[in-house]
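>>> here you go, sequence then predicted model.
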Amino acid sequence: MEATKQNSLLKNKQYVYLIASQLVSSFGDWLDVLALMALVGLKWEVSPLQMAGVMLSMALPMILFGPLAGVFADRFDRKKMMIISDIVRCLVVIGFVFVTSLWQVYVLLFIKGAFSSLFVPAKNGKLKEIVDDEQMQQAMGISGMIDNGSKIVGPMISGVLVSTAGIYWAFYIDAATFIVSALLLIGIKRSTYEKVEAKPAEQKVAFFSQLKEGFQFLKGFPSLLFGLIVLSLSLFVLQIADSQLVILFRDIDGNTIDLLGYCMAASGAGMFIVSAILTRRKKSLPINFAIAVGATILGLCFAVLPLLIHLPASMIMVIFPILFFIAGTSAGIIIISFNVGAQKATPVQLSGRVFGTINSMTTFAALIGMAMGGLLAEAFGVVSAILLSGSLLTVVGIATFIITRFLERGDRVAKGHGRLQGETTS
């Protein structure tokens, strides 16, 4: 029965075009990420604060434009938004080939992030348009498998390119993937759902009032809102460590670029396997249980990393990818379970605003974590910063276990108001 549903989903041409675009674009993104880390972190050897600035430049546009992008995704054609975003990001990635100083990297990353913030809610809204609720688990699982499958292959290929042909080839290939992604999106139909419109005299008021609707909707589901809060807190703590990993890797003997590529690929493999497993499950995991398990294990993995950097290089080349595989598995449990729950609960006409709110909250938390990571690493050293991050994340996971059971009553009240599975109140 499950296989029949998945086959039916793959016969949905609109969904196939969308995931094909995602496949190409995600593959290119992971080429881009490793090349950029190699450029600024290893070749230019930037400081912890400068590395935090790189990460902040990626995340800040999501904070500034995330809620607005969600409103745009509900007002304008999502297909056009995604295509325009792909074209602009192609041009930006080509710009990385010509940078000569760090401030130029910051500017290009900010522009790329701004158009990525338009793409994400448009993509999530389009997914809600073209996939039925009963197939959403499979759709999100396949989407996750693509994202994380590309995270396996992308860093490996990027590592080979960076080591042999040079850093800039990875940027050229990434730019090309955005063009291919845009061409695939042409095959998707225009939005047919009823868009939110306002009379000219009311547009300014309506525009800003819609920014609040995403959060107001989430308030109706205490379990989902709590999951978002814990997810944001987890990302804040995680980014203290994640933003400084390249700095940590500089202290490891051996081929740092290869190790970084293997670890990124191992993390992607863990998330890929989790995506495959969750795709085949008939029921999604409870959101807060998934976050509690994932955060606890993820925190332990990061807490162990800085204690192992002085092991022989041959041991590190084995142990680090294993830890990143476990960490990727844990992160996959958190992210996929939360996204499936949010997709199922959100009506199509509100999906842009709801996911714009979700993206803004999580990105804001990550942004503060990146800044904190740079400050802590500068003040106390990168080893102490990552050890603290892993320990705190473990505490967050354990605390979530304790709190979760008190939220079930609130969700039952929300269900009684008929607001699950895309239903709206009158």
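Arrived safely, thanks for sending. Residues are numbered from 1 along each chain as shown.

>>> could you use CA atoms for every contact and neighbour count after this?
Noted.

>>> mind pulling up the pLDDT for residue 48?
Looking at residue 48, its pLDDT stands at 89.

>>> find the nearest non-adjacent residue to it, please.
residue 374 (5.0 Å; C-alpha to C-alpha, 6 or more residues apart in numbering).

>>> separation between the one you found and residue 70?
According to C-alpha to C-alpha, to the nearest Å, residue 374 and residue 70 sit 30 Å apart.

>>> which one's more surrounded, those two?
Between residue 374 and residue 70, counted using other C-alpha atoms under 10 Å, residue 70 has the larger neighbour count: 32 against 26.

>>> give me the buried positions along the helix or strand hosting that one.
Assessed by DSSP states H and E, residue 70 sits inside helix 48-75. Residues 48-63, 65-75 are the ones in helix 48-75 that count as buried (16 or more other C-alpha atoms under 10 Å).

>>> could you say what helices and strands it packs with?
Contacts defined by 3 or more C-alpha pairs under 8 Å, 6 or more residues apart in numbering; DSSP states H and E place helix 48-75 against helix 102-130, helix 203-219, helix 351-380.

>>> for those, which one sits closest to residue 23?
helix 102-130 (13.1 Å; C-alpha to C-alpha).

>>> just give me how far that closest one sits from the chain centre.
11 Å (C-alpha atoms, centre = their mean, to the nearest Å).

>>> may I see the buried residues of it?
So helix 102-130, judged by 16+ other C-alpha under 10 Å, has buried residues 105-106, 108-130.

>>> quick one, it and helix 351-380 angle?
Counting by axes from the mean of the first three to the mean of the last three C-alpha atoms, to 10 degrees, helix 102-130 lies at 150 degrees to helix 351-380.

>>> can you tell me which helices and strands helix 102-130 packs against?
On a contact count with 3+ C-alpha pairs under 8 Å, 6+ apart, helix 102-130 meets helix 13-37, helix 48-75, helix 78-95, helix 351-380.

>>> I'd like the average pLDDT over it.
Helix 102-130 shows a mean pLDDT of 85.

>>> angle of that helix against helix 13-37?
Using the same axes, to 10 degrees: helix 102-130 against helix 13-37 is 160 degrees.

>>> and the angle for helix 102-130 with helix 48-75?
Going by the same axes, to 10 degrees, helix 102-130 makes 30 degrees with helix 48-75.

>>> for residue 331, which non-adjacent residue is spatially closest?
Excluding the flanking residues, the one nearest residue 331 by C-alpha to C-alpha, 6+ apart is residue 294, at 5.9 Å.

>>> ok, that neighbour - contacts?
Residues in contact with residue 294 (C-alpha atoms under 8 Å, 6 or more residues apart in numbering) are 329, 330, 331, 332, 333, 334, 397.

>>> picking that back up, can you verify my assumption that the residue nearest to residue 48 contacts residue 46?
No. Residue 374 is not in contact with residue 46 according to C-alpha atoms under 8 Å; the separation is 11.3 Å.

>>> which residue lies nearest the spatial centre of this structure?
residue 335 (8.0 Å; C-alpha atoms, centre = their mean).

>>> what comes up buried for the helix or strand residue 278 falls within?
Residue 278 is part of helix 256-280, with elements assigned from DSSP H and E. Buried residues in helix 256-280, counting neighbours by 16+ other C-alpha under 10 Å, are found at 256-276, 278-280.

>>> for it, what is the distance to the chain centroid?
With C-alpha atoms, centre = their mean, you get 14 Å for helix 256-280.

>>> now the element after that helix, going C-ward?
Next element after helix 256-280 (DSSP H and E): helix 287-304.

>>> what's the average pLDDT for that next one?
For helix 287-304, mean pLDDT rounds to 90.

>>> show me the one of the helices and strands packed on helix 102-130 that comes nearest residue 219.
helix 351-380 (10.9 Å).

>>> so what touches the helix or strand just after the closest one?
Remark: after helix 351-380, the chain's next helix or strand is helix 382-404, criterion DSSP H and E. Here helix 382-404 makes contact (C-alpha under 8 Å, 6+ apart) with 48, 223, 230, 233-234, 237-242, 244, 247-248, 288-289, 291-307, 373, 376-377.

>>> what mean pLDDT does helix 382-404 get?
Mean predicted confidence for helix 382-404 is 91.

>>> between that helix and helix 48-75, how many degrees?
Using the same axes, to 10 degrees: helix 382-404 against helix 48-75 is 40 degrees.

>>> can you give me how far helix 382-404 is from the chain middle?
20 Å.

>>> pull out the buried residues from stretch 308-325.
309, 316, 317, 319, 320, 321, 322, 323, 324, 325.

>>> over to stretch 36-44?
Buried-residue list, stretch 36-44, by 16+ other C-alpha under 10 Å: 36, 37, 38, 39, 40, 41, 42.

>>> return the set of buried residues in stretch 90-105.
90, 91, 92, 93, 94, 95, 96, 105.

>>> quote the end-to-end distance of that stretch.
Note: stretch 90-105 ends 15 Å apart using C-alpha to C-alpha.

>>> show me the contact partners of that stretch.
Applying C-alpha under 8 Å, 6+ apart, the contact partners of stretch 90-105 are 32, 40, 54, 108-109, 111-112, 168, 171-172, 174-179.

>>> redo that, cut-off 6 Å
Here stretch 90-105 makes contact (C-alpha atoms under 6 Å, 6 or more residues apart in numbering) with 168, 171, 175, 178.
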